[in-house]
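> Here is a sequence together with a model predicted from it:
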Amino acid sequence: MGGFCVSAARLGLPDAGLISYGEMVDQGRLITEAVSLPVIGDGDNGYGNAMNIKRTVKGYINAGFAGIMLEDQVAPKACGHTEGRKVISREDAIMHIKAAVDARKESGSDIVIIARSDSRQAISIDEALWRVQAFADAGADVLFIDALASIEEMKAFCAVSPKVPKMANMLEGGGKTPILSPAELQEIGFSLVVYPLSLIGVSMLAMEDALIAIKSTGAPRPGSLPSFQEIKDTLGFNRYYKEEKQYATVQQAQPSSTNIVLRLKITEKSGTQKINEGIPAGILEKISKAIPGLAGVNFTEILQGADQSQKGKLLLDREDATGDRIQVSIE
């Protein structure tokens, strides 16, 4: 969970030290609760002095992170591949890593501490190599120098403390570090690689394309949007419904018209189908105001006496003002 992406997605702001510890740990907790994979959290510069570092590490442990990355930038920090980076003193940087290690020990945790230095661009490659060696001596589990400028620098980094794993940052789209394949990185000596912009980058482009298509044609490009069923599967609706049944009382188990799954079909004049999805009646009723041709439909009335056994029964068949045919039937 990178600070760049959280700043962008949660705040709509650049990664320039604007996001807070509280916002990062809150976002992290939501992510770790939603996935089953181990998650590394970007701890930025720890949000203060050594005592803040300890609080940050303990907070990330409680949020469920498997690892935390801590850097040696001054506040306010900057993205490692942008302008304006400055680093704290050697002594303070080392003390921050020691504080992080102490916080882990006090918590009885095995969280992985990734020590990052931004001194390659702020000062020099020699300074960065000195710092990561000192971070390893202070107890860091993984070492990382951001914005290495050449393969030679990457090799020099991997030669430091050979037994301590090294992390590489492949900044997609054009950063300062050469983009190498996983096999090439492994050959140099890296054990871990991050791709910080892949998901948010493709998401931004996909959302922009979808909005342009909606503005021009009224719908995203064919094939660019998963079906409603695929979206539900990804979000775990079926798993939720199955688990929900385990706790249903006799009264709750009684059939309800809002639980009936309906089939919504919207067909253009040309015969092209715009929508053909199964949607629970309760959800369809809630979103009907946003669908031309369904606004004002009394779902309580059309569902009266209906149940799921009447599969295929047509409940609504009408045209909207644009000539699209709207059909609602029992799934």
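Alright, I've got the coordinates. The shown structure was predicted, so the numbers you read here are calculated from the model rather than taken from an experiment.

> residues in contact with Ile279?
228, 261-264 (Cβ atoms under 8 Å, 6 or more residues apart in numbering). Where C-beta positions appear, they are placed from N, C-alpha and C, glycine not excepted.

> In three-state terms, label the closest residue to Leu316 other than its chain neighbours for me.
Spatial nearest neighbour of Leu316, chain neighbours left out: Val328 (4.0 Å); criterion: Cβ to Cβ, 6 or more residues apart in numbering. Using DSSP: H, G, I helix; E, B strand; the rest coil, the structure places Val328 in strand.

> related to what we said a few turns ago, drop anything exposed from the contacts of Ile279.
228, 262-264 (16 or more other Cβ atoms under 10 Å).

> nearest to Gly41, of the residues you listed?
Phe228 (32.6 Å; Cβ to Cβ).

> So which of the contacts of Ile279 are in strands?
Among the contacts of Ile279, DSSP state E puts 261-264 in strands.

> rewinding a little: ok, the residue nearest to Leu316 to Ile287 distance?
12 Å (Cβ to Cβ, to the nearest Å).

> which of the two has more neighbours?
Val328 (25 against 11; other Cβ atoms under 10 Å).

> list the buried ones in the longest helix anywhere in the chain?
Using DSSP state H, we find that the single longest helix of the chain is helix 198-217. Residues Ala213 are the ones in helix 198-217 that count as buried (16+ other Cβ under 10 Å).

> do the same with stretch 143-162
Neighbour-count burial for stretch 143-162 flags 143-148, 153-154, 156-158, 160-161 (criterion: 16+ other Cβ under 10 Å).

> For these, name the two members farthest from one another.
Ala147 and Ser161 (19.8 Å).

> just to revisit the earlier point, let's see which of the buried residues of stretch 143-162 end up in strands.
Assigned to strands by DSSP E, the following of those qualify: 143-145.

> Point to the helix or strand of the protein where mean pLDDT is at its lowest.
Least confident helix or strand of the chain, by mean pLDDT, DSSP states H and E, is helix 250-253 with a mean of 55.

> Tell me where the stretch 151-300 of the chain is predicted with low confidence.
250-258 (pLDDT under 70).
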